[in-house]
Structures are given as structure tokens and as C-alpha cells.
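Quick one: sequence plus predicted model below, questions after.
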Amino acid sequence: MRETKFQFTNQLSELANVRSIVDKFIGTEIDTKLKNRIILALDEVVSNIIEHGFPDSKESEIALNVLVDKEKIQIILEDEGIAFNPLESKPVDMEEHLEIGEDGGVGIHIVQKIMQVEYERIHSKNRLTLSKNLTEEI
Amino acid sequence: MEIKESEIKNIWILTLNGVMDAHTSPNIKAKLEAGIASGKTKIIVEMKDVTYLSSAGAGALLAGLTACRKKTGELRLCSFQPAVKDAFEVMGFSKAFKVFADLEVALEGF
């Protein structure tokens, strides 16, 4: 199993950098189409944390840990934002969402279409774990 | 994110270049909403140089589509790169839009 760990600040300008680091780390270990979807899921989660976790706009570090082998990828994010379990968000009816045409609110719904999501609140931190069995068809 | 604009036969064409994520997409949303507010109701967004799209980017396009429809206009998308099209479809946004292979086809019958 290969592993990488890094931290970044809670700024949306960091998103491109986070995507690029994880893309390079995964390399060719995962089929490109699936890799792109996993990076999309990661981006959605990180965007959510940055946009909703820090209502006081306080600068903070977010820790990212990626573990990958031939069978599984696991992405663990830890932040010191307000307690927020995205799995408790109201389920999204995509047809209704498209009809209303509002911007936003579908991120976690998309993540759950791509990966398994677990949430824990530990020592005043939010920990989100995204995982994907790589032996399954996409 | 770079936004180039042009006009052909009263159709406003926005050609986007770069990534459409939560950091860059507010600019695109603002550009679309300002154009629609100023009376542009026939719009084509050309996606050929967009290399990445998240729900924030798709949401900006959806907000543009909704604003356009309120003025009985139409917003069309064209020229997706395959990876970006896959993201658009996985996220479930493709059902709301008319998507065309390239600008020429998007202009037909508009």
C-alpha cells in the first residue's frame, strides 16, 4: 500500500493544488476515468469543508491522507471547522434540483454516487473518510 | 479561468478556458447573470478548453440556464472534452441542458 499525507489551508484557491497532488500520487495505478471521478469526489468534499466549515473565515489547516493499493483507495480528511456531518444533509432529488435551477447543494450527493463516505467527530475535528473498492466495475 | 466572448447573429458565445471549480466558477456565474440581465437571451457556452468541472461549475451553468429560461431564452453547451463530459454526466447535470458536439452544430437552428 502506498500512502501520502499533506496539509493545505482552508482557501478555495488550494483546490487546484490538492487535485494535482492527488492526481500525481495516484498516477497510473487507477484507470483514468475512475481516477478523475475520485478526484471529483475529493474536490466536492474539500470545497464543502472550506465553504461551510469556517463561518468565521478563520485560517485553518486541513489534513489529507491518501492510501492506495490495487484493491482499494482511501482518502481521509481532517479539519478543525465547525462540527458538520455531511451525511445528515437532506437527500437531493436531482430532477427537482435541475427544475429549480439553484446553484449548489449537490456536492455530497455526487460524492456518494462515486465513493463510500464515513464521518466521525474526534477531538474537536471532523474526519471524513472516502473509500472505493477498485475491483468493482464503475 | 479565462472567458472570451463573441457574438454571431445575436447569439452570445462564451468560450471558457481553464478549470471550473468552486474557486473559479463564481466569475462565470456572474458573467452569465450580468449578460442575461443586460438582455442576452440566446447563449452558447463553448467548453472545448475547459479541463475540469465540479458541481460548482455545473451549478454556475445551471444558474445561467435558469436565468435565461426566465426570460424565455435558451442556453446551449457545446464542445465538451471527454473527461469533462463524463463529470457532467456523473453529476447528473446533463439532463437539464442541450449539449452539442461543436459550435457549428450548436449554432444551427438557434
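Great, that's in hand.

Within range of chain A, give me the residues from chain B.
B:19, B:21-23, B:29, B:52, B:54-56, B:59-60, B:62-63, B:65-66, B:69, B:83, B:86-87, B:90-93, B:95-96 (CB under 8 Å from any CB of the partner chain). Backbone N, C-alpha and C define where each C-beta goes, glycine included.

Please check these and keep the buried ones.
Buried members of the residues of chain B next to chain A, counted by 16 or more other CB atoms under 10 Å in any protein chain shown: B:19, B:21-23, B:29, B:52, B:54-56, B:59-60, B:62-63, B:65-66, B:83, B:86-87, B:90-93, B:96.

Inside strands: which ones of those residues?
By the criterion of DSSP state E, membership of these in strands covers B:Val19, B:Tyr52.

can you count the residues close to the residue lying closest to B:Lys71 once chain neighbours are set aside?
Closest residue in space to B:Lys71, ignoring its immediate chain neighbours: B:Thr41 at 4.9 Å, by CB to CB, 6 or more residues apart in numbering or on different chains. The number of residues packed near B:Thr41 is 18, by other CB atoms under 10 Å in any protein chain shown.

Check the secondary structure at A:Glu118 for me.
Look at A:Glu118: counting by DSSP: H, G, I helix; E, B strand; the rest coil, its state is strand.

Skipping its backbone neighbours, what lies nearest it in space?
Distance criterion CB to CB, 6+ apart; nearest residue to A:Glu118, sequence neighbours excluded, is A:Thr129 at 4.5 Å.

Pull up the pairing partners for the helix or strand encompassing the one you found, direction included.
Using DSSP states H and E, A:Thr129 falls within strand A:125-133. Using DSSP bridges, the strands paired with strand A:125-133 are strand A:72-79 (antiparallel), strand A:116-122 (antiparallel).

How many neighbouring residues does the residue of chain A found nearest chain B have?
Relative to chain B, the nearest point of chain A is A:Gly101 (2.9 Å; CB to the nearest CB). Counted with other CB under 10 Å, residues neighbouring A:Gly101 total 17.

Which pLDDT value does the model give it?
Note for A:Gly101: predicted pLDDT of 82.

ok, now B:Glu74?
97.

Name the residues linked to it by a beta bridge.
Beta-bridge partners for B:Glu74, by DSSP bridges, are B:Lys42.

Just confirm it contacts B:Lys40, I think it does.
No. In this structure B:Glu74 lies outside contact range of B:Lys40 using CB atoms under 8 Å: 11.0 Å.

Can you pick out the residue with more neighbours from the two?
Legend: neighbour count by other CB under 10 Å for B:Glu74 and B:Lys40, higher for B:Lys40 (20 against 15).

In contact with the residue nearest to B:Lys29 when sequence neighbours are not counted, which residues?
Closest residue to B:Lys29 apart from its sequence neighbours, by CB to CB, 6+ apart: B:Ala60 at 3.8 Å. B:Ala60 makes contacts with A:Asp103, B:Met20, B:Ser25, B:Pro26, B:Ile28, B:Lys29, B:Leu32, as judged by CB atoms under 8 Å, 6 or more residues apart in numbering or on different chains.

7 Å instead?
B:Ala60 sits next to A:Asp103, B:Met20, B:Ser25, B:Ile28, B:Lys29, B:Leu32 when contact means CB atoms under 7 Å, 6 or more residues apart in numbering or on different chains.

Next SSE downstream of the longest helix along chain A?
Longest helix in chain A by number of residues (criterion: DSSP state H): helix A:32-52. Scanning forward in sequence from helix A:32-52 by DSSP H and E, the next helix or strand is strand A:61-68.
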